[in-house]
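Sharing a sequence plus its predicted fold:
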Amino acid sequence: MASTTERIQTSAERNRLLLSILSETDYALPALQQHESYLGDLERQRKDATKWVEGVDKMRKKELKEHKKYRDSVMKRFAYKVSGNKDKFEEKAAKEEREYFDVLQEEHKAKEQVQSLEALYEEAMAYKTELHGIMSRHSSAQHDLDTLYDAIFDGPTPEFPEEDSMERAAKEALQAYHDTKVRVEVELEVIKTLSAVVRHLDEALYHIEDALDHSRMDMFGGGTISDMMERNALHKAELSTQEAQRLMKQAQRQSKRQVTRMLPVHIAHGSILSDVVFDNIFTDMAFHDKIKASRAEVQRCRLDADCQLADARSRYQQLDQAVQEKAQGLETARSELQHTRELIFGQATAAASGSDQRGTTSP
């Protein structure tokens, strides 16, 4: 089985070619980022210029209408002539004509600007496509280089302990990045779930307010219809709170109990006995107070859910920052590992070249 040094020497030319491609194409990513910003600015200018053309076109149509009105108005010309103000008519007509041609000139300028911007945009899009091609070439070369290095250096290489040290550091950095990334994704799901909890509690509050409106009508003689509408609204409020409770439990599981259980909430229920048999102003007022108590409980739950959502967002922001730091650490570790491997390649091929030269000059 070939040694690591022998595999390096066999792959030396391939390594040199791939490093050359990476060096030639390194500029593509920063160039593409800068170019995207330029494209965005061009797009804004195109929209502004298009609005300018549309505005000038409306003005041109208006001025054309005024111009034609004076140019073709026989009666106006006759009226001015009879009154001895023929010169005034000609002056007014000439003014309308000048204004019309001024607008025509502005429209021409606006359209020329749009055409110029369109040409620049097409040219910029073509260059973007070219940069994407260079980026693809760079990514392909990097992938091939990683594959080459992994085939040679993956696992223990006793001849090159410094490479083993760098390889362990890169693997640890990758694991740290993955672990933090998973936690970020989990926290994002918790935020989505808690947002749904808040939304359902808002729905419950909406239905409770609806129930209170019907309860007020019931106290002032709303009758059976008000009772039915009141009970229906409370039923909807209860369904919403039950769904909020289910989602809160889900958020607890997702967050590994960092989210606490939802505060207890009880939605008041009406009954046929109180609504029909013993229905009077006093029972209606008592039940109205029960509905208000339910509202207060849901409001407390809503406030608590809001606080827990804020906590989850804070945890997410901290983890997201940590992910960026881990990603930077991973990139640094990989870069150092690749640099170490490049140095080993250079040393091994230089040693082989020196050995070849000594063998050639030996008597």
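Noted; the coordinates are in hand.

ok, residue 137 touching residue 18?
No - taking C-beta atoms under 8 Å as the definition, residue 137 is not a contact partner of residue 18, at 11.0 Å. Using the backbone N, CA and C atoms, a C-beta is placed for each residue, glycine as well.

Quick check: which ranges of the stretch 251-363 of the chain have low pLDDT?
Residue ranges of the stretch 251-363 of the chain with pLDDT under 70: 270-282, 352-363.

hmm, 80 instead?
269-284, 349-363 (pLDDT under 80).

The stretch 51-200 of the chain now?
52-111, 113.

Helices along that one, start to end?
For the stretch 51-200 of the chain, the helices defined by DSSP state H, counting those that start in this stretch cover 74-82, 86-153, 161-219.

Kindly report the same for the stretch 201-350 of the chain.
Using DSSP H, counting those that start in this stretch, helices in the stretch 201-350 of the chain cover 223-254, 272, 281-361.

and residue 13, which of those is closest to it?
helix 281-361 (9.1 Å; C-beta to C-beta).

Would you check the distance separating stretch 162-179 from the middle of the chain?
Taking C-alpha atoms, centre = their mean, to the nearest Å, one finds stretch 162-179 lying 30 Å from the centre of the chain it belongs to.

should've said stretch 288-302
The answer for stretch 288-302 is 37 Å, by C-alpha atoms, centre = their mean.

Among the helices of the stretch 51-200 of the chain, which comes closest to residue 238?
Taking these one by one with C-beta to C-beta, helix 161-219 is closest: 7.8 Å.

returning to what we had before: comparing the helices of the stretch 51-200 of the chain, which comes out most buried?
helix 161-219 (a mean of 18; mean count of other C-beta atoms under 10 Å).

elements contacting that one?
helix 223-254, helix 281-361 (3 or more C-beta pairs under 8 Å, 6 or more residues apart in numbering; DSSP states H and E).

who's in contact with the nearest residue to residue 264 once chain neighbours are set aside?
In this structure, residue 264 finds its nearest non-sequential neighbour in residue 297, 7.5 Å apart by C-beta to C-beta, 6 or more residues apart in numbering. Residues near residue 297 by C-beta atoms under 8 Å, 6 or more residues apart in numbering: 263, 264, 265, 266.

so how far is residue 176 from residue 297?
Using C-beta to C-beta, to the nearest Å, residue 297 is found at 44 Å from residue 176.

Residue 47 too?
Taking C-beta to C-beta, one finds residue 47 at 44 Å from residue 176.

can you list the domain ranges for the protein.
4-160, 172-347 (automatic domain parsing).

From start to finish, how long is the last one in a straight line?
Using C-alpha to C-alpha, to the nearest Å, one end of domain 172-347 lies 27 Å from the other.

can you give me how far that domain is from the chain middle?
Worked out by C-alpha atoms, centre = their mean, domain 172-347 lies 23 Å from the chain centre.

Pretty sure residue 120 sits against residue 42.
Yes - counting by C-beta under 8 Å, residue 120 touches residue 42, with 6.0 Å between them.

ok, back up a step: present the helices of the stretch 51-200 of the chain as JSON lines; the columns should include distance to residue 250.
Formatted as JSON lines, those follow (distance: least, C-beta to C-beta, whole Å):
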{"stretch": "helix 74-82", "distance to residue 250": "79"}
{"stretch": "helix 86-153", "distance to residue 250": "39"}
{"stretch": "helix 161-219", "distance to residue 250": "5"}
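
For residue 283, find the nearest of those.
helix 161-219 (9.7 Å).

wait, what's in contact with residue 160?
Counting by C-beta under 8 Å, 6+ apart, residue 160 has contacts 4, 153, 344.

Quick check: phi and psi on the residue lying closest to the last one once chain neighbours are set aside?
The shortest distance from residue 344 to any residue other than its chain neighbours is 5.4 Å, reached at residue 160 (C-beta to C-beta, 6+ apart). Recorded main-chain torsions at residue 160 are phi -130, psi 80, according to degrees, to the nearest 10.

any idea how far residue 51 is from residue 160?
64 Å.

cool, residue 111 as well?
For residue 111 relative to residue 51 (C-beta to C-beta), the value is 13 Å.

Give me the distance between the nearest residue to residue 263 once chain neighbours are set aside and residue 261.
Distances taken as C-beta to C-beta, 6+ apart place residue 301 nearest to residue 263, at 4.9 Å, with adjacent residues excluded. Look at residue 301 and residue 261: by C-beta to C-beta, they are 11 Å apart.

Could you check which of the two is surrounded by more residues?
residue 301 (23 against 12; other C-beta atoms under 10 Å).

Touching, the more buried one and residue 247? I think so.
No - with contact defined as C-beta under 8 Å, residue 301 does not reach residue 247; the gap is 11.9 Å.
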